[in-house]
Structures are given as structure tokens and as C-alpha cells.
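In: Give the three-dimensional model of this entry:
(one chain, ligands or ions: 3)
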Amino acid sequence: MRIFGRIRSSLDRTYMHKCPKDVIIEPTIKCNLKCSMCMKSFEQLFAPSRYQELKSGRIRPSMSFSILCKALEFCDKDSKVQFIGTGEPMMHPNILGFIAEVKRRGLTCCMTTNGLLLTKGVSDRLIDMKMDYITFSVDGATDETYKKIRGVNIKTVLDNISYLNEAKKRRGAILPSISINFVGMVSNISELPKMVDLGSELGVSSIAVMHMCRDIGNISINMGSLEERGIEYYKKTADKYFDLAGENLYFDRKKSNKYIDIALEKAKEKDITLFAPYFREPETPHDCRDLFETLLIGYNGDIFSCCYEKFFLGNLRYKKAENIWNSRTVRDLRKRYIKEGIAKVCPACPKLDRNITIKSYR
Ligand SMILES: C[S@@+](CC[C@H](N)C(=O)[O-])C[C@H]1O[C@@H](n2cnc3c(N)ncnc32)[C@H](O)[C@@H]1O
Ligand code: SF4
Ligand code: SF4
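Out: Ligands and ions are numbered 1, 2, ... in the order given. Sure thing, here's the model as predicted:
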């Protein structure tokens, strides 16, 4: 009977025998910025339930070490642990301890950061710990544009990237590998070629462009669709949301593709890796394999199936990650994916909306 059960589960494509490839960990929901395009700046709008517990005072805004360990126990050597989330990882009071713990367990460690808190001392420690990847978010190549989006001068982040690169060179270190994440919008896409120049000067190994989510990240998913809630609801609560909607490159696809082509030429000239989303015609929806490959673990132990937090799967304080990973809820979703396709499972996801292909140099 047991053998029969094992054979059945090995044939069942909804049962994952391996851990997720990407384990995204949100160390904190605190942030030192209020970027114009970020869901963090609209926290009253998205997933209000995430903040209820916080407001009640029962929980702190940053992940505890014990939750981190519960998450890491579940990872295997092929899992990539990524510190990201809806906040600034470097705002966690023990982020270096978190990184050290990931490395101590022999796992691959990545972090996406706005880079403002990466002092020389912190950079030296990251090199010592052999942190694997660090991604700086820089969405403008001029002070004016960067400041408009992130609200602060560009100099600090550029100086910090430069120091990390120089310190690596001085010490003959190859890690951490440094990359840049550029959120592409109507008002900054023309600066992408210049960003490639800057990246090359700063010694970064790659630049990745992401389109700004059409509906500002999670809002459309967690608040229900515009049709469900009604346009007045949005207007009342998020005037800014409507300004930003015009920033989405979907509304200026020609311009977006034009600057991406120029930037790809530039990347070739400078010999730097560039990944960029290119609008394709006719529109064909995107696929998404996150239900089979990804878990997001929030600051308070909440587990979701992906960064868009569409499916809440349980909390690490009450359930083990391996049980959540193959829970009935997620297996039913995988079953629907296999039968009906992702567009039926997640009809409102901005990730499926993008109609893009990724063009790259290298
Ligand atoms: C939410 S941030 C958290 C990490 C860190 N605070 C930072 O800024 O890098 C993770 C990534 O999402 C990007 N991002 C922010 N708002 C976005 C949006 N509306 N659409 C797509 N990406 C966005 C950021 O630039 C960053 O690279
Ligand atoms: S993009 Fe990062 S730095 Fe900016 S508000 Fe969002 S979480 Fe904070
Ligand atoms: S389609 Fe979107 S909401 Fe659905 S699993 Fe993928 S990223 Fe998450």
C-alpha cells in the first residue's frame, strides 16, 4: 500500500519532490525610501491583512532569526535564497547575521537592495562572507531622473557600487557578483543606454530591466480588479495610482523597444550583459512557473506562492515549509495550471500581462 502511494506521488505532477528553486525571503517591511513606483509606498492599498498584525503590536516589522532558520531548514543546495520583499533588506537590524546563516548552510545567497546603506564596512563584510549576488536598484542614469523616482541623490548609490567593486578588485575576490536592476518607465527608458555606460564604468556584471508593473505590483491582485471594486474606490484611495498608470511602458511600446535596441547595441560595444523586456506583436500571454519553482516567505512567516502574493499558503510559525510546499491548496493550483493554463489560475496578474520577450546581450 505504501509502495503504491509512493509510485502514485512520483507520477503526480502536482507533487514537487524538490525544494523550490527560488526561495524569496522578506527580511523586513521597513524601508528608508518611498519610491514613486513601488507598492511599498502604497502599503495602505495592497494586502491590508499583512499590516493588521503589525498594527496590533503583536509582531515586529522584521523577520525573527527563528523564522529565518525554519525557512532555511527547508532549502537544499540547489535553492537560491534571495533577500528581497516589500521593504529594504538592509534595514533589518541583523541582515549580516541572516546572510552569514545562509552561507553557513552552504546555500546560494542573493540580495536586492537600494544600496544606500552599503557602507564601506558592510561591503567589506559581504566580501568576507562570500555573498554570491548583490543587485542594486538604480532606475535612472541621471541625478534628476533617479531623484524623481527614488527621492534622493544618485551619488550615494553610485559611490557604494564603485567602492564594492574596487574592494573586490583589491582583494582579488570574484564575489559578490554585482548587477543592476532598472525598473523601466516612460520617463526613464531613454536613459537606459546611459545606464549601460554607467554600469560598465562601475564594473557591474549585468543589468536587468523590469517593466514597472502595470498595476503597481500587487494592487490589482490584492484589491480585486478595477471592475470588481469600481473606479471610484480607486480614485478615492489612490490618486497617485492613476498618475503612475501613465508611466507604464505598455502605453509607449515603440519608445520602449527603440531604447532597448539602442541599449543592446551599447551593451555589445561595452561588453556588458543586458537583459531587457521587449514588447512583441501580436500579443501573446506570458507563462509563469512560480507555482512549481518559487516560494515567498514574508517578514512574519506568511508564505505565498510568488512575489505577487496572490495565494496565501500558510504561516511558518504554525506549519512546516515542506508541508506548505506540497499542501492541498498549492497542489490544486498546480493541477489547474496543468489542465487550464496559468491565465485561468491567475487572470489578473501583471506578470502575465506584459506580452514581452526577453532580449539579451550575452
Ligand atoms: C520592492 S524592491 C525591494 C528591495 C529594495 N528595497 C530595492 O529597492 O531594491 C524589489 C525590486 O522591485 C523593484 N520595483 C519597485 N517597484 C516596482 C514596480 N512597480 N514594478 C516592478 N518592479 C518594481 C525595485 O526597483 C527593486 O529592484
Ligand atoms: S523600491 Fe525598494 S527602496 Fe524603493 S520604496 Fe520600494 S522597497 Fe523601498
Ligand atoms: S501568474 Fe502571477 S500571481 Fe500567478 S503564480 Fe505567477 S507571478 Fe504569481
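In: which SS state does residue 100 fall under?
Out: helix (DSSP: H, G, I helix; E, B strand; the rest coil).
In: That one: what's its closest spatial neighbour, skipping adjacent residues?
Out: Of all residues not flanking residue 100 in the chain, residue 129 sits nearest, at 5.7 Å (Cβ to Cβ, 6 or more residues apart in numbering). For the C-beta atoms, the positions are set from N, CA and C on the backbone; glycine is no exception.
In: give the contact list for that neighbour.
Out: 96, 99-100, 103 (Cβ atoms under 8 Å, 6 or more residues apart in numbering).
In: got those residues as TSV, with neighbour count, pLDDT and distance to residue 160 columns?
Out: Formatted as TSV, the contacts of residue 129 follow (neighbours: other Cβ atoms under 10 Å; pLDDT from 0 to 100; distance: Cβ to Cβ, whole Å):
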residue	neighbour count	pLDDT	distance to residue 160
96	17	98	16
99	26	98	16
100	16	98	20
103	16	97	21
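In: nearest to residue 261, of the residues you listed?
Out: residue 99 (37.5 Å; Cβ to Cβ).
In: Surely that closest one touches residue 109?
Out: Yes: using Cβ atoms under 8 Å, residue 99 is in contact with residue 109, at 5.6 Å.
In: Quickly list what's touching both of these two.
Out: What both residue 99 and residue 109 touch, as defined by Cβ under 8 Å, 6+ apart, is the set 83, 131.
In: Spell out which parts of this structure neighbour ligand 1.
Out: Proximity of the chain to ligand 1 (Cβ under 6 Å from any ligand atom) is limited to residues 31, 37-38, 40, 84, 86, 88, 112-114, 137, 181, 183, 210, 212-213, 216-217.
In: Buried among those? Need that as a selection in ChimeraX.
Out: This is the ChimeraX syntax for the buried subset of the residues of the chain next to ligand 1, where burial follows 16 or more other Cβ atoms under 10 Å:
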select :31,37,38,40,84,86,88,112,113,114,137,181,183,212,213,216,217
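In: Narrow the residues of the chain next to ligand 1 to those in strands?
Out: 112-113, 137, 181, 183, 210 (DSSP state E).
In: In those residues, which has the lowest confidence score?
Out: Ranked by pLDDT, these bottom out at residue 210, which scores 90.
In: Not counting sequence-adjacent ones, nearest residue to that residue?
Out: Nearest one to residue 210, counting by Cβ to Cβ, 6+ apart, is residue 183 at 5.4 Å.
In: thought that neighbour was touching residue 140?
Out: No: under the criterion of Cβ under 8 Å, residue 183 is not in contact with residue 140, lying 9.6 Å apart.
In: Pipe the contacts of residue 129 into a markdown table and attach distance to residue 253 per row.
Out: Output for the contacts of residue 129, formatted as a markdown table (distance: Cβ to Cβ, whole Å):
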| residue | distance to residue 253 |
| --- | --- |
| 96 | 42 |
| 99 | 39 |
| 100 | 44 |
| 103 | 42 |
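In: Of those residues, which is the nearest to ligand 3?
Out: residue 99 (25.7 Å; Cβ to the nearest ligand atom).
In: Contacts only, for the residue positioned nearest the centre of the chain.
Out: Of all residues in the chain, the one closest to the mean position by Cα atoms, centre = their mean is residue 84, 5.8 Å from it. Contacts for residue 84 (Cβ under 8 Å, 6+ apart) come out as 24-26, 111-112, 307.
In: at 10 Å what do you get?
Out: By Cβ atoms under 10 Å, 6 or more residues apart in numbering, the contact set of residue 84 is 22, 24-27, 110-113, 135, 137, 181, 296, 307.
In: hmm, back to that, taking the ones in strands among the residues of the chain next to ligand 1, tell me the two that lie furthest apart.
Out: Of all pairs in these, the most separated under Cβ to Cβ is 113 and 210 at 15.2 Å.
In: how far does stretch 109-124 sit from the chain's center?
Out: Stretch 109-124 has its C-alpha centroid displaced from the chain centroid by 16 Å (Cα atoms, centre = their mean, to the nearest Å).
In: buried set for it?
Out: Residues 109-116, 118, 122-123 are the ones in stretch 109-124 that count as buried (16+ other Cβ under 10 Å).
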